[in-house]
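Visitor: sequence first, predicted model second:
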Amino acid sequence: MKKEVIILGAGPAGLSAAYEILKNPDFNVTIIDRANIPGGAGASFQWKDHTLDYGPHAFHSRGDEPEKLIREIFKDSPNELVNGVKKVSIYLNKKFFKYPLQVGEAIRKFNPFLSMRIIFEFFLTSIFHAIVSIPVESFENWGRKRFGASLYKLSFGNYTEKVWKTKPNAISHKFASEKIQGFSFVNLILKLLRIGGQVTEPYYQTWIYHRNGSGQIYLKLAEKIREKGGKLLLDTQIESVDYDDSRIKSVKIKNNKKTDTLVCDYLINSIQVSQFINLLGKSLPFLVKHSSKKLKYISLVLIYIEFELEKISDNHWFYLLEQNYSFNRVTEQKNLSSDTIGKGKTVLSFELTCHLGDADWRKTDEEVFELAKKECLQIDFLKDKVEQISDFTVKRVPNVYEIYYKNFEVNAEYVLHS
Ligand SMILES: Cc1cc2nc3c(=O)[nH]c(=O)nc-3n(C[C@H](O)[C@H](O)[C@H](O)COP(=O)(O)OP(=O)(O)OC[C@H]3O[C@@H](n4cnc5c(N)ncnc54)[C@H](O)[C@@H]3O)c2cc1C
């Protein structure tokens, strides 16, 4: 008899797990999601004649498992996928810099005093840390130790605080070493001194994307899952996950006001851990519930602004590093694939992170638009485009990114291994 597998969440993780498991004929798979389309944060939505993603959703192409999976599901229609070389910038001090920072450009465009200060601080910090051993406990420690104070603040510190709404000294250094790859200040200096150094890793430079938007990848994955006999229960609430002493037995669901109990041999969870813990009910040990409450998430308000212009820039996206901008990142999706945007127009999406329910989250659509317009007027190359704005729409995505507080892994491990 086939074993029953239930997967909670039809985002990229849940769908790809289902797809792989269904390669084995010994399993039936049912995926449950409260959303009405598969794809989670990778789904797209339709606004007028534009197909829009939640921020930029291209895949880094480096030949690893996610890319192999995507190429496999589109093997009969490879032309649906498009490739490109990243054009990502940093907007800092009213100037554009390539992302990650390029040596010559940084030295040329920073004022000479700042450049000298950065290099001086870097050497001073390196010597200091070679003599004095200070434990690295936070993102701030990590950044200052690696880059020196000025470069750390300019390129990572201020931005990190803005995105995570958290002082960098409360964020784990493990998050830093994971996120800030692909750029080596040591190599930057070596290159500057003409003695070698690879400043960025090559895989950060290329991407693959679906010509009709990121969501098409997950619609295709869902189609393949159904073809192999997998079931997708969308628009379905998970009421509880029921277990006895040793294992999970069933999942209670509600769909169209009808409740049902699905029995399972295996359960794979891809929804937020803290939500999953709530579904397990009250009898869990106090410490598990307590640790799960410490796993926190940041939410996202996105405003999509339509311009009566063919194109605004060549950037796929650019970062607004400074704290005087509320928005973190601006994407021109048309540059990933022009098929996603209606004729004669372009759309910029502006991302604003916030805590669920805070003042930014509660802003009306009009208020978000006024803020974005004000910030466009502060960005040199956008200020003269404001008159070409023809429309806007706002999306709010709750709890979208985990916040890697110091010791987050202790709480996560406690929850996951108990
Ligand atoms: C703005 C933004 C830009 C990004 N850009 C990129 C990029 O360029 N390239 C890239 O590779 N990645 C990017 N990512 C990351 C990518 O979106 C995530 O890594 C990916 O979506 C995670 O997949 P997941 O399945 O783990 O979670 P999710 O995509 O969050 O999916 C979880 C699913 O679970 C469902 N769910 C949650 N709670 C419940 C519940 N209680 N009951 C029922 N269903 C529930 C949700 O509806 C959702 O469908 C970006 C993310 C964001 C937010």
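Guide: In hand now; what should we look at?
Visitor: use CA for all of it now, contacts and neighbours both
Guide: Will do.
Visitor: show me what the helix or strand hosting residue 330 pairs with in its sheet, parallel or antiparallel.
Guide: Using DSSP states H and E, residue 330 sits within strand 329-332. Applying DSSP bridges to the sheet, strand 329-332 is found paired with strand 317-320 (antiparallel), strand 346-354 (antiparallel).
Visitor: how about the first one and the ligand, touching?
Guide: No: Strand 317-320 lies out of reach of the ligand by C-alpha under 6 Å from any ligand atom, never closer than 9.9 Å.
Visitor: is the strand holding residue 330 positioned near the ligand?
Guide: No: with C-alpha under 6 Å from any ligand atom as the criterion, the ligand is not reached by strand 329-332; the gap is at least 9.0 Å.
Visitor: send me that strand as PDB with only the CA atoms.
Guide: What follows is strand 329-332, C-alpha atoms only, in PDB (Å, rounded to 0.1, in the frame of the first residue of the first chain):
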ATOM      1  CA  ARG A 329      14.900  48.200  -2.900                       C
ATOM      2  CA  VAL A 330      13.400  49.300  -6.200                       C
ATOM      3  CA  THR A 331      12.900  46.900  -9.100                       C
ATOM      4  CA  GLU A 332      12.200  47.400 -12.700                       C
END
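Visitor: count the neighbours of whatever residue of the stretch 301-418 of the chain ends up closest to the ligand for me.
Guide: Across the stretch 301-418 of the chain, the shortest distance to the ligand (C-alpha to the nearest ligand atom) belongs to residue 400, at 5.5 Å. Counted with other C-alpha atoms under 10 Å, the neighbours of residue 400 add up to 15.
Visitor: how much space between residue 404 and residue 214?
Guide: Using C-alpha to C-alpha, to the nearest Å, residue 404 is found at 26 Å from residue 214.
Visitor: neighbour count for the two, which is higher?
Guide: residue 214 (27 against 21).
Visitor: can you pull the domain assignment for the chain?
Guide: The chain breaks down by automatic domain parsing into domains covering 3-49+213-271, 101-199, 297-402.
Visitor: let me have these in CSV, extended by mean pLDDT.
Guide: Converted to CSV, the domains of the chain look like this (pLDDT from 0 to 100):
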stretch, mean pLDDT
domain 3-49+213-271, 96
domain 101-199, 75
domain 297-402, 96
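Visitor: spell out which residues of this protein are next to the ligand.
Guide: 9-14, 33-35, 38-42, 54-59, 237-238, 270-271, 400.
Visitor: buried subset of these as a ChimeraX selection?
Guide: To isolate the buried members of the residues of the chain next to the ligand in ChimeraX, using 16 or more other C-alpha atoms under 10 Å:
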select :9,10,11,12,13,14,33,34,35,38,39,40,41,42,54,55,56,57,58,59,237,238,270,271
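Visitor: inside helices: which ones of the residues of the chain next to the ligand?
Guide: 12, 13, 14 (DSSP state H).
Visitor: out of those residues, flag the one nearest to residue 315.
Guide: Of all those, the one with the least separation from residue 315 (C-alpha to C-alpha) is residue 12, at 25.7 Å.
Visitor: ok, the closest one - contacts?
Guide: By C-alpha atoms under 8 Å, 6 or more residues apart in numbering, the residues touching residue 12 are 39, 40, 42, 218.
Visitor: if you skip the residues just before and after it, what's nearest to the last one?
Guide: Nearest-residue entry for residue 218: residue 39, 5.0 Å, with adjacent residues in sequence omitted and distances by C-alpha to C-alpha, 6 or more residues apart in numbering.
Visitor: please apply the same query to the second one.
Guide: For residue 40, ignoring the flanking residues on the chain, the nearest one in space by C-alpha to C-alpha, 6+ apart is residue 11 at 3.9 Å.
Visitor: contacting residues around the one you found?
Guide: Counting by C-alpha under 8 Å, 6+ apart, the residues that residue 11 touches are 38, 39, 40, 41, 42, 218, 270.
Visitor: which pair of the residues you listed spans the longest distance?
Guide: So, the contacts of residue 11 by C-alpha to C-alpha: farthest apart are 218 and 270, at 15.0 Å.
Visitor: ok, then the element right after the longest helix anywhere in the chain?
Guide: Ranked by number of residues, the top helix in the chain under DSSP H is helix 112-131. Scanning forward in sequence from helix 112-131 by DSSP H and E, the next helix or strand is helix 139-147.
Visitor: the closest residue to residue 297 other than its chain neighbours and residue 164, how far apart?
Guide: Once flanking residues are discounted, residue 297 sits nearest to residue 402: 4.4 Å by C-alpha to C-alpha, 6+ apart. With distances taken as C-alpha to C-alpha, residue 402 is found 9 Å from residue 164.
Visitor: do the same with residue 154
Guide: Distance from residue 154 to residue 164, by C-alpha to C-alpha: 16 Å.
Visitor: who's more crowded, these two?
Guide: Shown here are residue 154 and residue 164; by other C-alpha under 10 Å, residue 164 has more neighbours (21 against 14).
Visitor: re the thing from before, ok, the contacts of residue 12 vs residue 386, which is closest?
Guide: residue 42 (28.9 Å).
Visitor: and the closest one, how far from residue 57?
Guide: 7 Å.
Visitor: what do those two both touch?
Guide: Joint contacts of residue 42 and residue 57 (C-alpha under 8 Å, 6+ apart) are residue 214.
Visitor: can you verify residue 226 is assigned to a helix?
Guide: Yes: when DSSP: H, G, I helix; E, B strand; the rest coil is applied, residue 226 is found to be in a helix.
Visitor: would you confirm that residue 63 belongs to a strand?
Guide: No: read with three-state DSSP, residue 63 is coil and lies in no strand.
Visitor: picking that back up, check the gap between the residue nearest to residue 218 and residue 234 for me.
Guide: Computed as C-alpha to C-alpha, the residue 39 to residue 234 distance reads 11 Å.
Visitor: show me what contacts the residue of the stretch 151-300 of the chain found nearest the ligand?
Guide: Of all residues in the stretch 151-300 of the chain, the one sitting closest to the ligand is residue 271 (4.5 Å; C-alpha to the nearest ligand atom). Residues in contact with residue 271 (C-alpha under 8 Å, 6+ apart) are 8, 9.
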